[in-house]
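let me see the structure of the following:
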Amino acid sequence: MSRTVHWAWGTFVGVTAVALILTNSVARSLVLGLLAGACAWASAVKATQQWKRRAEAFAAAARGISVDPGVERGSGDDPVRLAHEVQDAAITNRENTRKLSVLRAVIDGMAEGVWTTSEDGTVLEHNNALKEFLYTGQGIVGHRPRDLFESSELHQAVQKACREHLSSRLELNVEGVRPRVLSVYVSPLGGELKGSSAVFFDVTELRRLEKVRKDFVANVSHELRTPITAIRGYSETLQSGAINDPVAAPKMVDIIHRQSERLSELVEDLLELSRLESRQIQLAEKPVDLLEATQRALEAVRPKARPRGTAIEVQVPPNLFVLGDQRAIEQIVLNLVDNAVKYSPPNGRVELSASEHDGHVEMRVKDNGTGIEARHLSRIFERFYRVDKGRSREMGGTGLGLSIVKHLITTMKGDVRCESAPGQGSTFFVEFLSTEKTPPEAPAPEIDSAPAAT
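You can find the predicted model right below:
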């Protein structure tokens with residue numbers, strides 16, 4: 001304000017002196033000087049206020065606060081123009097930062113792994129999924145592909161993308177706690193950007209399912225070939241004249257009959273397993289008396305156990321109800337006890353017991369057979385998996401019984417496992433959901449009990 005006062009006084013004195021010289025009148029000179037001083041004062045005050053508002057606007061823009069729209073813009077290096085430019089730049093920067101954060105969140109949320117590399121192939125950025133794929137204790141940024149993977153294929157693909165601007169697709173096997181199979185698509189960044197990008201797809205489950213399908217086809221072909229070959233061979237022998245042999249003919253016919261029964265059982269088990277896996281069968285969920293279901297299943301097993309002298313001991317308390325499908329539970333018991341009888345020695349013993357704890361009912365089927373080695377336990381519920389292939393086929397099993405048991409109990413939200421050791425027999429543990437007895441309801445769709453199979 002002191003500069004404004006000095007400016008007004010200077011104007012007053014100057015105008016007064018000039019007017020006094022020109023008019024020779026002190027009064028007129030003073031009036032003209034006062035008017036000039038007042039005008040100078042008003043102009044200086046207005047200019048000062050405007051500059052003050054511009055300065056405040058510039059400071060506000062620098063702090064990210066909206067600029068007063070009433071402040072006039074100047075030209076050139078005027079502070080208000082600079083303030084608006086600073087504000088526009090700040091708004092653009094905030095918007096770009098927001099978009100970058102959203103893009104980063106989307107990339108980090110992807111199930112696929114992503115990275116970008118510099119022109120020499122060094123990793124610059126990656127998302128969270130890629131770190132989970134690699135299970136590496138070291139950082140990924142700053143490394144080249146050959147430092148992270150034993151295979152040189154990815155390193156070569158990255159170099160090809162950076163130098164020759166060519167895209168590549170390959171598969172990598174990543175070893176570790178959880179081995180993975182990764183399908184990788186490598187491409188140049190494009191445009192004026194130097195370097196490359198890579199997208200990693202986890203195809204582990206897909207490759208596993210492909211292997212399961214191939215193994216299944218191979219196993220089915222092998223299992224079908226055995227009875228078909230026997231039926232064809234003996235029928236051709238009968239056609240060639242053996243049908244007139246009173247001793248050999250009945251034996252061959254009996255073999256053909258047994259092999260056709262085995263073929264029929266195999267087809268039935270395959271169809272039922274297919275229906276279970278495709279959810280075509282809807283299992284009922286209602287209280288089932290476990291003792292009653294067990295007794296009904298054992299009626300089909302005891303005729304097989306008597307010729308072998310196998311004793312079946314049942315220790316299931318009465319009024320023990322589980323939640324599930326009656327026919328499915330009977331089939332589970334039938335398959336497990338039938339297996340136990342088959343693999344027990346002559347005059348052996350099979351124990352079937354059950355108890356309730358923590359809202360679950362655990363049923364146990366124990367035999368005193370030869371037992372199963374530990375290396376087989378994790379696979380015995382796979383389709384067609386046999387611990388002793390020769391003995392299993394000799395006993396008439398299809399190799400699907402335990403797989404059906406696994407699917408049935410899993411569908412009823414239960415679990416099944418096996419504990420065994422060579423020479424100590426095997427014990428199968430089946431866990432059902434327990435429930436209270438309720439009044440009978442309308443009958444629900446139930447599955448048909450299939451022949452017992454191993």
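
show me where the stretch 201-350 of the chain has helices.
Using DSSP state H, counting those that start in this stretch, the helices of the stretch 201-350 of the chain run over residues 204-239, 248-277, 290-305, 326-343.

I'd like those helices laid out as CSV, including mean pLDDT and distance to residue 134.
Every C-beta, even on glycine, is put in place using the N, C-alpha and C of the backbone. CSV is the format used below for those (pLDDT from 0 to 100; distance: least, CB to CB, whole Å):
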stretch, mean pLDDT, distance to residue 134
helix 204-239, 81, 13
helix 248-277, 79, 33
helix 290-305, 88, 48
helix 326-343, 88, 42
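
right, so those helices: which one is the most enclosed?
Of all these, helix 326-343 carries the top mean neighbour count, a mean of 25, counting by mean count of other CB atoms under 10 Å.

so residue 288 makes contact with residue 325?
Yes: in this structure, residue 288 is within contact of residue 325 by CB atoms under 8 Å, at 7.5 Å.

burial count for residue 183?
17 (other CB atoms under 10 Å).

mind giving me the domain split of the chain?
Residue ranges for the domains of the chain, per automatic domain parsing: 2-101, 111-202, 208-277, 286-434.

if you compare these, which one is most tucked away?
Comparing the domains of the chain by mean neighbour count (mean count of other CB under 10 Å), domain 286-434 ranks first with a mean of 18.

quick revisit: and the domains of the chain, which one averages the lowest pLDDT?
Taking the average pLDDT of each of those, the minimum falls on domain 2-101, with a mean of 61.

got a list of contacts for stretch 332-340?
Here stretch 332-340 makes contact (CB atoms under 8 Å, 6 or more residues apart in numbering) with 293-294, 297-298, 300-301, 304, 312, 350, 352, 363, 365-367, 369, 397, 401-402, 404-405, 408-409, 426, 428, 430, 449, 452-454.

if we can go back for a sec, reformat the helices of the stretch 201-350 of the chain as TSV; add distance to residue 386.
Compiled in TSV, the helices of the stretch 201-350 of the chain are given as follows (distance: least, CB to CB, whole Å):
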stretch	distance to residue 386
helix 204-239	10
helix 248-277	13
helix 290-305	19
helix 326-343	11
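
of all those helices, which one is nearest residue 379?
For the helices of the stretch 201-350 of the chain, proximity to residue 379 was assessed by CB to CB; helix 204-239 is nearest, at 11.3 Å.

mind giving me the packing neighbours of the closest one?
Packing partners of helix 204-239 (3 or more CB pairs under 8 Å, 6 or more residues apart in numbering; DSSP states H and E): strand 180-188, helix 248-277.

redo those as JSON lines? Include distance to residue 149.
Converted to JSON lines, those look like this (distance: least, CB to CB, whole Å):
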{"stretch": "strand 180-188", "distance to residue 149": "9"}
{"stretch": "helix 248-277", "distance to residue 149": "36"}
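
mind checking which of those is nearest residue 377?
helix 248-277 (20.8 Å).

how much space separates the nearest residue to residue 285 once chain neighbours are set aside from residue 335?
Leaving aside its chain neighbours, residue 285 sits nearest to residue 323 (5.9 Å; criterion: CB to CB, 6 or more residues apart in numbering). Residue 323 sits 20 Å away from residue 335, taking CB to CB, to the nearest Å as the criterion.

and for residue 264?
Per CB to CB, residue 264 is found 17 Å from residue 335.

repeat for residue 410
Distance from residue 410 to residue 335, by CB to CB: 14 Å.

what do you get for residue 374?
Taking CB to CB, one finds residue 374 at 22 Å from residue 335.

surely residue 345 meets residue 371?
No: look at residue 345 against residue 371 with CB under 8 Å: they stay out of range, at 11.5 Å.

torsion angles phi and psi at residue 170?
phi -150, psi 170 (degrees, to the nearest 10).

tell me the contacts of it?
153, 154, 157, 183, 184, 186.

want to throw the residues you listed into TSV with distance to residue 124?
Converted to TSV, these look like this (distance: CB to CB, whole Å):
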residue	distance to residue 124
153	21
154	16
157	17
183	22
184	17
186	14
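
wait, which of the residues you listed is closest to residue 133?
Proximity of the contacts of residue 170 to residue 133 (CB to CB) peaks at residue 184, which lies at 10.2 Å.

can I assume the closest one is in contact with residue 202?
No: Residue 184 is beyond contact range of residue 202, at 10.7 Å (criterion: CB under 8 Å).

ramachandran coordinates for residue 429?
The phi/psi pair for residue 429 (degrees, to the nearest 10) reads phi -110, psi 120.

helix or strand: which one has the closest residue to it other than its chain neighbours?
Among residues not flanking residue 429 along the chain, residue 417 sits closest, at 5.2 Å (CB to CB, 6+ apart). Secondary structure from DSSP states H and E places residue 417 in strand 415-420.

what distance do you get for the residue nearest to residue 230 when sequence neighbours are not counted to residue 92?
Nearest residue to residue 230, sequence neighbours excluded (CB to CB, 6+ apart): residue 259, at 4.5 Å. As judged by CB to CB, residue 259 and residue 92 stand 81 Å apart.

got a list of contacts for stretch 359-376?
290, 316, 320, 322, 333, 336-337, 340-341, 343-345, 348-356, 380, 385, 387, 418, 420-434.

apply 6 Å and report the result again.
Residues outside stretch 359-376 that contact it (CB atoms under 6 Å, 6 or more residues apart in numbering): 322, 336-337, 340, 343-344, 348-355, 387, 420-432, 434.

just the ones in strands from these, please.
Judged by DSSP state E, strands contain the following of the contacts of stretch 359-376: 322, 349-355, 420, 426-432, 434.

which secondary structure element is home to the residue nearest in space to the middle of the chain?
Of all residues in the chain, the one closest to the mean position by CA atoms, centre = their mean is residue 111, 8.3 Å from it. Assigned by DSSP H and E, residue 111 falls within no helix or strand.
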